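In: what follows is a predicted protein model with its sequence.
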Amino acid sequence: MRLSVVVNRRVFLSYWIIGLILIPTAISQSFASQMEVFLLPERDAAEPIFTSIRFVTLKYEPGSELSQIFNGKNERVMFELNSTTQGMEELQKSVNDAILKEKKSPIQLSNSTLDYVAQIRGDEDGAQLSYKIKFAPHITNFVLPSNSTTPALDLDWRSVVVQGPLRVTVPEYGEFDINYPIGPVKALFPDAAQKLMSVEETKNIFETPLLDYEEIGMPMDRWHFLFDPTGSQASAAGAGYAEEGGSNVVSVFSLGESSFREGTHAATESSASAPIDGSQVNIKSSDPPPSAQIQVAGFAQVKNIGGAEIAFVSPKGPSGTATATGGFPIQVLLILGGMMGAVAILVLIKARKP
């Protein structure tokens, strides 16, 4: 009987340890993907979707000035913008300038759309603010010119951070700042916005850009790689891959899945505390952990060249290619060796100062 108990304990312990290993990788993130795109080298054009999500929590004293403003309020700001909206041309220029300055990337944005949603809920001792921005530009020029028949794709544009206010004209609210979290507060509760912006500690949080995708710039060797030799990815057909792609395979790079190899990903948080109108106010801001997916038509392998991450793409993977993150066969290394002879022009392009 004692032997049976010991064995059962060992079995239970084994399952418990296995569970600790598998559960973190099995649970999917509940947050929206912060960037997703399908890259078709033959087209040199794509429609990435960038999503910004943020939560801001205010804690204040019951009966305070902020409590009187926010208590019982439940307001939502929603609007859609396109390339004809006043201010969108300046937005696209700001993003293009940021990509060129920060990433030395040649890509260009055009025909962008933007969906903006913000919600403010308040009670007597606190308020919760949530933001979701879906930015969908049309991009070109991610295929870098080279003297090789193997397409080379620039991937550095993905992690752009747009600094400063970005003001657009919204019929219901007039001039509206879509990049700073203070935007909807200023539009709906101007007195509260003035108070929050009058103190440096809270002002810093309400002037932290929402269009910040720096975390997606995490090195590609920390992304999970999946090679689909059948080209059966559902989103591939929607990107025109089935009609135009010269390849019948798809490479998928995913960021956000925690594992021993790729590591863990945490939310980005900041907090502050300051007196406003004689009452203490605590504020906390949180962005979800990074989450993104890049699909490429063909077999893609990323190399870091001169500090730039470039994906070299071939129509199909060599025989024996691993279908998920892990060791690659010698054929892949030989192909990469041949590709390296064609990158001199790419290095010069990426190193050029704006």
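Out: In hand now; what should we look at?
In: going forward, measure contacts between C-alpha atoms and count neighbours the same way
Out: Noted.
In: where exactly do the helices run in the stretch 201-350 of the chain?
Out: 234-238, 241-244, 330-339, 344-351 (DSSP state H, counting those that start in this stretch).
In: between those helices, which gets the lowest average pLDDT?
Out: Ranked on mean pLDDT, the bottom entry among the helices of the stretch 201-350 of the chain is helix 330-339, at a mean of 41.
In: can you find the helix or strand in the chain with the smallest mean pLDDT?
Out: Least confident helix or strand of the chain, by mean pLDDT, DSSP states H and E, is helix 2-26 with a mean of 39.
In: now stretch 81-98: average pLDDT?
Out: In this model, stretch 81-98 has an average pLDDT of 88.
In: likewise for stretch 251-262?
Out: 71.
In: and Thr321, what pLDDT?
Out: We have a pLDDT of 59 for Thr321.
In: quick check: end-to-end length of stretch 98-116?
Out: Across its full length, stretch 98-116 reaches 21 Å end to end, with CA to CA, to the nearest Å as the criterion.
In: what distance separates that stretch from the middle of the whole chain?
Out: 14 Å (CA atoms, centre = their mean, to the nearest Å).
In: likewise stretch 42-58?
Out: 6 Å.
In: tell me the mean pLDDT for it?
Out: 94.
In: which of the residues in it are buried?
Out: Within stretch 42-58, the residues scored as buried using 16 or more other CA atoms under 10 Å are 44-58.
In: quick one: which of those residues sit in strands?
Out: 45-46, 49-58 (DSSP state E).
In: returning to that earlier point: mind checking what helix or strand follows the least confident helix or strand of the chain in sequence?
Out: Downstream of helix 2-26, the first helix or strand assigned by DSSP states H and E is strand 35-39.
In: next, the buried residues of that next one.
Out: For strand 35-39, by 16+ other CA under 10 Å, it's 35-39.
In: what's it packed up against?
Out: Helices and strands touching strand 35-39, by 3 or more CA pairs under 8 Å, 6 or more residues apart in numbering; DSSP states H and E, are strand 45-46, strand 49-59, strand 292-297.
In: go ahead and name everything in contact with the shortest one.
Out: For strand 45-46, the surrounding residues in contact (CA atoms under 8 Å, 6 or more residues apart in numbering) are 37-40, 138-142.
In: closest one of those to Asp191?
Out: The closest of the contacts of strand 45-46 to Asp191 turns out to be His138 (CA to CA; 38.1 Å).
In: my guess is that closest one contacts Leu114, does it?
Out: No - with contacts counted by CA atoms under 8 Å, His138 stays clear of Leu114, the gap being 11.8 Å.
In: these two: who's more crowded?
Out: Each of His138 and Leu114 has its neighbours counted (other CA atoms under 10 Å); Leu114 has more, 19 against 15.
In: right, and Ser254 touches Arg222 too?
Out: No - using CA under 8 Å, Ser254 is not in contact with Arg222, being 9.1 Å away.
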